[in-house]
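Enquirer: turn this into a model:
(one chain, ligands or ions: 1)
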Amino acid sequence: MTSSALTLSGVSHSYGRTQALRDVSLSVAPGEVVAVTGPSGCGKSTLLLIAAGVLRAQSGRVTVAGTDLSGADDTARALVRRRSVGLVLQFGQLVPDLPVLDNVALPLLLEGHPPADARAAAAGWLDRVGLAVGPATLPAELSGGQTQLAAAARALVHGPALLLADEPTASLDTRSGRALLELMVSTTVAAGGSVLLVTHDNTVAARADREVRLRDGVIEHEVALS
Ligand SMILES: Nc1ncnc2c1ncn2[C@@H]1O[C@H](COP(=O)(O)OP(=O)(O)OP(=O)(O)O)[C@@H](O)[C@H]1O
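Expert: Numbering: from 1, shown residues only. All right, here's what the predicted structure looks like:
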């Protein structure tokens, strides 16, 4: 049996009295690209953060690349995230006092790769996403769009089994956004990985194999796109 890259089974999550997700079940197969869409506040980002192991689901089960995150402690969840997940959040979320190059190299450095190799790989990915920075350039020196490019390079540098992206092209112009999306999706899928994209942009969603539409924290419908 081929295990899925991501499985959510009966996942619910609340922030105080706001129920963000209600009994959501979703599975992403290896090599599959899924877009999660829906109106503002319907729970898209919460779903992605739970899939990434950043948030712990209050109920239900979450499995990433064969590891059950539901019962895992913070260290175990961080390890799965580091090894198997590439995460691109809306505003990049780079480590502010680390040079951009080291931010991109971080997933490899944390896995014990020699620093020179990790930085060479990071430079290669920065080149591929089209971001020219010096070795000492800090995140604060980048525009919003450049920060998204760097975040995408960091998410791809270790060849993740599961790429999770929340509005990954929101700060980029249409052409750069399209090119970045294509790079993220095609390289991940070519390596056998899967992609979960959170987006309100129909042209981004159209790149997916399947669209999962949320409304008020529940799956309203799913459509196969390819
Ligand atoms: N940290 C938080 N504390 C309190 N409520 C939150 C928090 N994060 C999200 N929420 C609430 O949970 C619900 C789902 O939010 P979420 O960010 O997952 O939706 P979304 O579909 O990603 O929205 P958007 O498209 O606007 O980013 C919303 O009602 C939101 O206000």
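Enquirer: only C-alpha atoms for contact and neighbour calcs from this point on.
Expert: Fine.
Enquirer: which SS class is residue 212?
Expert: State at residue 212, reduced to three classes by DSSP: H, G, I helix; E, B strand; the rest coil: strand.
Enquirer: didn't it look like it was pressed against residue 42?
Expert: No - using C-alpha atoms under 8 Å, residue 212 is not in contact with residue 42, being 12.0 Å away.
Enquirer: and stretch 45-53, average pLDDT?
Expert: Average pLDDT, stretch 45-53: 94.
Enquirer: pretty sure residue 105 belongs to a helix, no?
Expert: Yes - Residue 105: assigned to a helix according to three-state DSSP.
Enquirer: who's in contact with it?
Expert: 118-119, 121-122, 154, 157 (C-alpha atoms under 8 Å, 6 or more residues apart in numbering).
Enquirer: of these, which is the nearest to residue 188?
Expert: The shortest gap between residue 188 and any of the contacts of residue 105 belongs to residue 157, at 10.4 Å (C-alpha to C-alpha).
Enquirer: pLDDT score for the closest one?
Expert: Residue 157 carries a pLDDT score of 97 in this model.
Enquirer: distance of it from the ligand?
Expert: The gap separating residue 157 from the ligand is 26 Å, by C-alpha to the nearest ligand atom, to the nearest Å.
Enquirer: any idea how far the ligand is from the residue nearest in space to the middle of the chain?
Expert: Taking C-alpha atoms, centre = their mean, the centroid of the chain lies closest to residue 164, which sits 1.9 Å from it. Distance of residue 164 to the ligand, given as C-alpha to the nearest ligand atom: 13 Å.
Enquirer: helix, strand, or coil at that residue?
Expert: strand.
Enquirer: residue contacts, it?
Expert: Per C-alpha under 8 Å, 6+ apart, neighbours of residue 164: 48, 51-52, 85-88, 195-197.
Enquirer: try 10 Å this time
Expert: 34, 48-49, 51-52, 85-89, 155, 194-198 (C-alpha atoms under 10 Å, 6 or more residues apart in numbering).
Enquirer: stretch 12-27 and the ligand in contact?
Expert: Yes - among the residues of stretch 12-27, 15, 18, 20 lie within reach of the ligand under C-alpha under 6 Å from any ligand atom.
Enquirer: for residue 172, see how far away the second one is.
Expert: In this structure, residue 18 lies at 31 Å from residue 172, with C-alpha to C-alpha, to the nearest Å as the measure.
Enquirer: before we move on, what about residue 161?
Expert: Taken as C-alpha to C-alpha, the span from residue 161 to residue 172 is 25 Å.
Enquirer: comparing the two, which residue is more hemmed in?
Expert: With neighbours defined as other C-alpha atoms under 10 Å, residue 161 and residue 172 compare such that residue 161 has more, 24 against 18.
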